[in-house]
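> pasting the sequence and the predicted model now:
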Amino acid sequence: MTTVLPFTPEVARETEPLWERLKTVVPRFEWEMKAPLVAAINRLKRERRAVILGHNYMVPEIFHGISDFTGDSLELARRARDTDAAIILFCGVHFMAETAKILNPGRTVLIPDLEAGCSLSESITAEDVRHPGVPVVAYVNTPAAIKAEVDVCCTSANAVQVVESLGVDEVLFLPDEYLARNVARKTKVKVTAWKGRCIVHEQFTVEMLESYRAQFPGIEILAHPECSPEVCAAADFVGSTKGMIDRLDRPKSGRVILITECSMADNVQGAHPELEFVKTCTLCPHMKRITLEKVLASLTDLKHEILLEEGLRLRALRSVERMLALPVPARADADPGE
Ligand code: 13P
Ligand code: SF4
């Protein structure tokens, strides 16, 4: 049975600044149930010298309430590389926590739910990538066993930059077919795609985008490059989750829709009271396995720890470090679809 922690005056005081950021997206009754967990996690985090990295797809209570750093896959990999915390707790999916461990063999890396996977990561095996005959670029949405076999990793924020950094005429790009095809539109390098799909982004269709434009005249459509090339072509802007967030700072119409996982809009809405966000309903079931209750259990019992065999880690490290050695991509320039 789950014990509900009480919403005491002390908890109310401690969490008041967080409530200010969350009150437009979290109902008060929910906050009074979540705030005691938020306060307990933040106290324990300080005691344990832990850092919490939260992906942009986390629910708002995790994104605003307990994360020390938030961002896209690339930003969080850089944060993981640069931290001096004793414990890294990853609020994201397994491949992200594994990347943090690849970069931090000496630190404890925790994920609150080991089942938080990814349809892309599960679409390919190490055997599939052996002997390809051309250099291989792997999206970070892959297990360490794949990273150990490939030439270099990339994220959606730097995919074109990484492909071109190899100085070759042809690459195999895996596992996301749509991201590969979106990259191919932006480079002269021949990009051969694998057949993986993101179960969230593959749901969007051109007809849906046309329907949003018909229902909400003047709407600006921002899409993630894990969507199909047809959907990306029908959008006004294509970028990683960070790319989309950055784009919200530019002059535009007052109405916007983010064609991606649906917590994104909730998380950025507070920073943009001038914008009207039209919301999608597209949850990533893997990201949503991460809850405040599981984060508290994770920090309390130091579970679930990511462990990697050292030989595998060192081989995977090469491809991750090769990506991180490239300059941080300029805003929007690295977006495969724009
Ligand atoms: P980015 O945040 O790197 O754009 O990735 C999106 C994603 O689907 C991660 O799982
Ligand atoms: Fe994987 Fe798609 Fe979920 Fe991201 S949103 S973790 S790519 S299934």
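Sure thing, it's come through. Ligands and ions are numbered 1, 2, ... in the order given.

> residues of the stretch 201-338 of the chain that sit close to ligand 1?
226, 240-241 (Cβ under 6 Å from any ligand atom). From N, CA and C alone the C-beta is placed, and that goes for glycine too.

> what's the closest of the residues you listed to ligand 2?
Closest approach to ligand 2 among those (Cβ to the nearest ligand atom): residue 226, at 5.8 Å.

> distance of the closest one relative to residue 280?
Remark: distance between residue 226 and residue 280 (Cβ to Cβ, to the nearest Å) = 14 Å.

> of the two, who's got more company?
It is residue 226, of residue 226 and residue 280, that has more neighbours when counted by other Cβ atoms under 10 Å, with 28 against 19.

> so who does the more buried one touch?
120, 156, 176, 178-179, 198, 200-202 (Cβ atoms under 8 Å, 6 or more residues apart in numbering).

> near ligand 1, which residues of the stretch 1-150 of the chain? Just list them.
So far as Cβ under 6 Å from any ligand atom goes, the stretch 1-150 of the chain lies against ligand 1 at 56, 72-74, 93, 118, 141.

> out of the contacts of residue 226, who's near ligand 2?
120, 198, 200.

> okay, the residues you listed in JSON lines with distance to residue 261, secondary structure and neighbour count next?
Putting the ones next to ligand 2 among the contacts of residue 226 into JSON lines (distance: Cβ to Cβ, whole Å; DSSP: H, G, I helix; E, B strand; the rest coil; neighbours: other Cβ atoms under 10 Å) gives the following:
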{"residue": "120", "distance to residue 261": "13", "secondary structure": "coil", "neighbour count": "26"}
{"residue": "198", "distance to residue 261": "9", "secondary structure": "coil", "neighbour count": "24"}
{"residue": "200", "distance to residue 261": "5", "secondary structure": "coil", "neighbour count": "23"}
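
> closest one to ligand 1 out of the residues you listed, please.
Among the ones next to ligand 2 among the contacts of residue 226, residue 198 lies closest to ligand 1 (Cβ to the nearest ligand atom), at 5.9 Å.

> can you pull the domain assignment for the protein?
9-116+286-301, 121-197+309-324, 201-278 (automatic domain parsing).

> list the helices and strands the helix or strand harbouring residue 45 packs on?
Residue 45 belongs to helix 28-48 when elements are defined using DSSP states H and E. Packing partners of helix 28-48 (3 or more Cβ pairs under 8 Å, 6 or more residues apart in numbering; DSSP states H and E): helix 9-22, strand 50-55, helix 60-65, helix 292-301.

> can you tell if stretch 258-265 touches ligand 2?
Yes: using Cβ under 6 Å from any ligand atom, stretch 258-265 reaches ligand 2 at residue 261.

> which residue ranges of this protein form strands?
For the chain, the strands defined by DSSP state E cover 50-55, 69-71, 87-91, 108-110, 136-139, 152-154, 170-174, 190-193, 220-223, 237-238, 255-259, 276-278.

> elements contacting the second one?
I take that to be strand 69-71. In terms of contacts (3+ Cβ pairs under 8 Å, 6+ apart), strand 69-71 is packed against strand 50-55, helix 73-82.

> mean neighbour count, these: which tops it?
Comparing these by mean neighbour count (mean count of other Cβ atoms under 10 Å), strand 50-55 ranks first with a mean of 24.

> now do that one: which elements does it pack against?
Looks like strand 50-55 contacts helix 28-48, strand 69-71, helix 73-82, strand 87-91, helix 94-103 (3+ Cβ pairs under 8 Å, 6+ apart).

> what lies in contact with the fourth one?
The reference is to strand 87-91. By Cβ under 8 Å, 6+ apart, the residues outside strand 87-91 that reach it are 45, 48-55, 58, 62, 66-67, 76, 80, 96-97, 100, 104, 107-112, 290, 295, 298-299, 302.

> picking up where we left off before, now for the helices and strands packed on strand 69-71, which one comes closest to residue 4?
Of all those, it is strand 50-55 that lies closest to residue 4, at 22.1 Å by Cβ to Cβ.

> so how far is the closest one from its chain's centroid?
How far strand 50-55 lies from its chain's middle: 12 Å, per Cα atoms, centre = their mean, to the nearest Å.

> and what of stretch 248-267?
16 Å.

> buried residues in it?
Buried residues in stretch 248-267, counting neighbours by 16 or more other Cβ atoms under 10 Å, are found at 248, 252, 256-267.
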